[in-house]
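Student: A predicted structure for the sequence below; I have some questions about it.
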Amino acid sequence: NVMLQQQKFSELDDIECQTENLWWIPTAFVSSDSATQVKWGELNSCASIRPLATIGKSGWIKVNAGQYGYYRVNYSPQLWQQLNEAVQQYDGNGFPVLDGIDTAGLIEDSFHVAGHGDVTMEVFLRLATNLRSRPVDVAAPWLVALPLLQRVDHMVSCQKQWSEYVGNKVISPFISNGTLSGNLKDNLSEFFTFSGPSTVEGAPKPTELQRLRPAILTAAGQYGVPAVTKQAATIFKLIVKGENVTLDSNLRDAVYNTVAKSNKKGALDDMVRLLDAAESSDEADRIIRAISIFDHDNAVLDLSLSDKIKPQDVNILLEAYTRNGGDAAVRRMLEWLKGGTNMITLYEKLGSDTGAGRKIMRAIERAAPHARDQHCIDLMEDLRREYSGILEDGVAIARAIEAIRVNMRWIERHNVNVCGFLINEGGRL
C-alpha cells in the first residue's frame, strides 16, 4: 500500500505538519501497473488514511505525474531504487517508460530532498548519471539536471574529480552513443558538434533535439570534453579574424562560453574586441555573459567599471560572473567591493541613487546561492555595515546569508558522500 504524508519543505529546517499549514494536494501519479495512464488521488491531512494505490513488491509509483503540482516528493529508499530502474526501461516500441517530464521531476526532487537530508545525494547522482543512456530527443531531464550538476561542481571539495566524472562518464557517452526514441538507432555523434546538422532525419521529437543540442555542447565545454573544446577554439579564431562563420545564435553562445571556460591567455582580450565590434544587443549580451566565465584574477570585475561595459549591462556581467565561478568568484567579488574605491566607483557608474544601491544589492543577493562558507557571510555583513547608505535592504542581506547557510549545510551532509561516490564509480581517472 502506498501511503502519503505532507509537511512544509525547507532545506534548512525540519517543519512538522500542523493543521494550520495543511495543503489540499491533488496527487497525479503513474505506476508500474499503469505507466501511460495518469491517475488521481488527494491528500488533505497530515497523513493519508487510505492508500493512494497498491503496487507489487518490485513495482514503482511516480507521484506528481506531469509535474502539475507545486510540491516536492520524497520516496522510501526502495522506491527510489525502483524509480531509478524504471527511468532506464523502455516499452515495446522503444520509448522510455517514464517520459521526460517525469524523469526531470525525479531528478529535481531527489536533489532537493537530499539537500534537506531525507535521502543521500547518491539517489540524485544515479539518476543524473543514467542520463547518458537516455534518448537524445528528450530534453527535459538534461535541462533540469545540468544546472544542478553545476551546483554540485560549486560545492564539492573534489571538484577536479567531479568535473572529470561529469565530462567523461556522463556527457561524453551521451554524445558518442546517442539514439533516438522509438528504436530509431543511429550514429548521432555528428549532431553534437558545432558543424553538424541542425536536426536528425526521422527524429520523433525534432524540437527537443534543437533545445538540447546547445545545452549539451555548452556543458561539454564547461566540463572539458576535448573534441568540443578543440572545435570551439577553431571556430572562435575564425570569428576573431572576421571570417564569415554561420552559426545558430544558441550555438554561438556555446562557442563563446567554451572558449572562455578554457581560460586561454589572450582570449579575454579577443572577446573584449568582439564586444566593441558587436552590431546587435543580442551579440553584445552573449559576449558579456561569456566574458563573465574568465578566471583572470580581478580582470572581469575591473572590466565592469570600464567604459567597455555599459551601466545597464553591469549586473548582467556581475551576476553571470558569480553564477559561473561559484564560491571563489563570490568571495573575489565581495572582497573587490570591500577593497579600495570599487564600491563607490560602481555606485557612481550605476547612477549614485537608490536604484544604484538596489542593483548592487541584487548582484550580492544573486551571488549568495553560489557561495559556501562563513567567510562570504562575514564579507556581506562587513559590506552592509561599511556601506549602509548604499546597501539599504537588510532583508536582502538576510536572504543572501540564509542561502549561504543552506549551502554550508549541504556540504556538511553531502560532500563526503559525493566524493566517495566518485571514487567508487571510477571518478578518479
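Tutor: Ah, there it is. Numbering: from 1, shown residues only.

Student: CA only for contacts and neighbour counts going forward, please
Tutor: Fine.

Student: Phi and psi next, for the most centrally placed residue in the chain.
Tutor: Note on the chain: the residue nearest the mean C-alpha position is Pro147, at 0.6 Å, using Cα atoms, centre = their mean. Pro147 adopts backbone torsions of phi -60, psi -30, taken as degrees, to the nearest 10.

Student: now the protein, which segments are flagged as low pLDDT?
Tutor: Across the chain, the ranges flagged by pLDDT under 70 are 12, 183-187, 189, 426-429.

Student: Do a quick rundown of the strands in it.
Tutor: Taking DSSP state E to define them, one finds strands in the chain at 25-31, 34-43, 61-63.

Student: could those be laid out in a markdown table, adding distance to Pro204 and mean neighbour count?
Tutor: Below are those laid out as a markdown table (distance: least, Cα to Cα, whole Å; neighbours: other Cα atoms under 10 Å):
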| stretch | distance to Pro204 | mean neighbour count |
| --- | --- | --- |
| strand 25-31 | 23 | 19 |
| strand 34-43 | 18 | 14 |
| strand 61-63 | 25 | 25 |
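
Student: quick one, which of those strands is nearest to Arg332?
Tutor: strand 61-63 (42.3 Å; Cα to Cα).

Student: who touches that closest one?
Tutor: Residues outside strand 61-63 that contact it (Cα atoms under 8 Å, 6 or more residues apart in numbering) are 27-32, 55, 73, 79, 83, 102.

Student: Nearest to Ile287, out of the strands of the chain?
Tutor: The nearest among these, by Cα to Cα, is strand 61-63 at 41.4 Å.

Student: Quick check: can you name the pairing partners of that closest one and their directions?
Tutor: strand 25-31 (antiparallel) (DSSP bridges).

Student: hmm, back to that, same list, the strands of the chain, but as TSV with distance to Leu350 please.
Tutor: Shown next, in TSV, are these (distance: least, Cα to Cα, whole Å):
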stretch	distance to Leu350
strand 25-31	46
strand 34-43	50
strand 61-63	47
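
Student: Those strands: which one's closest to Phe421?
Tutor: For the strands of the chain, the distance to Phe421 is smallest for strand 61-63, at 25.3 Å, taking Cα to Cα.

Student: rewinding a little: what's the most distant pair in the contacts of strand 61-63?
Tutor: Ile55 and Asp102 (18.4 Å).

Student: Who has more neighbours out of the two?
Tutor: Asp102 (21 against 14; other Cα atoms under 10 Å).

Student: residues contacting that one?
Tutor: Neighbour list for Asp102: 62, 65-67 [criterion: Cα under 8 Å, 6+ apart].

Student: 7 Å - rerun?
Tutor: For Asp102, the contact set (Cα atoms under 7 Å, 6 or more residues apart in numbering) comprises 65-67.

Student: Show the secondary-structure elements that the top helix by length along the chain is packed against.
Tutor: Across the chain, the longest stretch assigned as helix under DSSP state H is helix 394-424. Contact here means 3 or more Cα pairs under 7 Å, 6 or more residues apart in numbering; DSSP states H and E; on that basis helix 394-424 packs against helix 354-367.

Student: List the buried residues of the helix it packs on.
Tutor: Buried residues in helix 354-367, counting neighbours by 16 or more other Cα atoms under 10 Å, are found at 356-367.

Student: Serialize those to a markdown table and add fields for distance to Tyr223.
Tutor: What follows is the buried residues of helix 354-367, written out as a markdown table (distance: Cα to Cα, whole Å):
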| residue | distance to Tyr223 |
| --- | --- |
| Ala356 | 36 |
| Gly357 | 35 |
| Arg358 | 34 |
| Lys359 | 31 |
| Ile360 | 30 |
| Met361 | 31 |
| Arg362 | 28 |
| Ala363 | 26 |
| Ile364 | 26 |
| Glu365 | 26 |
| Arg366 | 23 |
| Ala367 | 21 |
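
Student: Can you tell me which of those comes closest to Asp13?
Tutor: Distances from Asp13 to these, taken by Cα to Cα, are shortest for Glu365, at 20.9 Å.

Student: For the closest one, give me its contacts.
Tutor: Going by Cα under 7 Å, 6+ apart, Glu365 touches 396-397, 400.

Student: again, but for Arg331
Tutor: By Cα under 7 Å, 6+ apart, the contact set of Arg331 is Cys376.

Student: Make 31 the first number, not 1, from now on.
Tutor: Okay, residue one is now 31; in that scheme the one you just asked about reads as Arg361.

Student: hmm, back to that, out of the contacts of Glu395, who's nearest Asn328?
Tutor: Nearest to Asn328 among these is Ala430, at 22.4 Å by Cα to Cα.

Student: neighbours around the closest one, how many?
Tutor: 23.

Student: Please apply the same query to Asn293.
Tutor: 15.

Student: Make sure it is actually in contact with Ile323.
Tutor: No - contact criterion Cα atoms under 7 Å: Asn293 and Ile323 do not qualify, at 8.2 Å.

Student: and the closest residue to Val117 other than its chain neighbours, backbone torsions?
Tutor: Spatial nearest neighbour of Val117, excluding adjacent residues (Cα to Cα, 6 or more residues apart in numbering): Leu128 at 5.8 Å. Dihedral pair for Leu128: phi -100, psi 130, per degrees, to the nearest 10.

Student: separation between Leu128 and Val196?
Tutor: 23 Å (Cα to Cα, to the nearest Å).

Student: Noted, bye for now.
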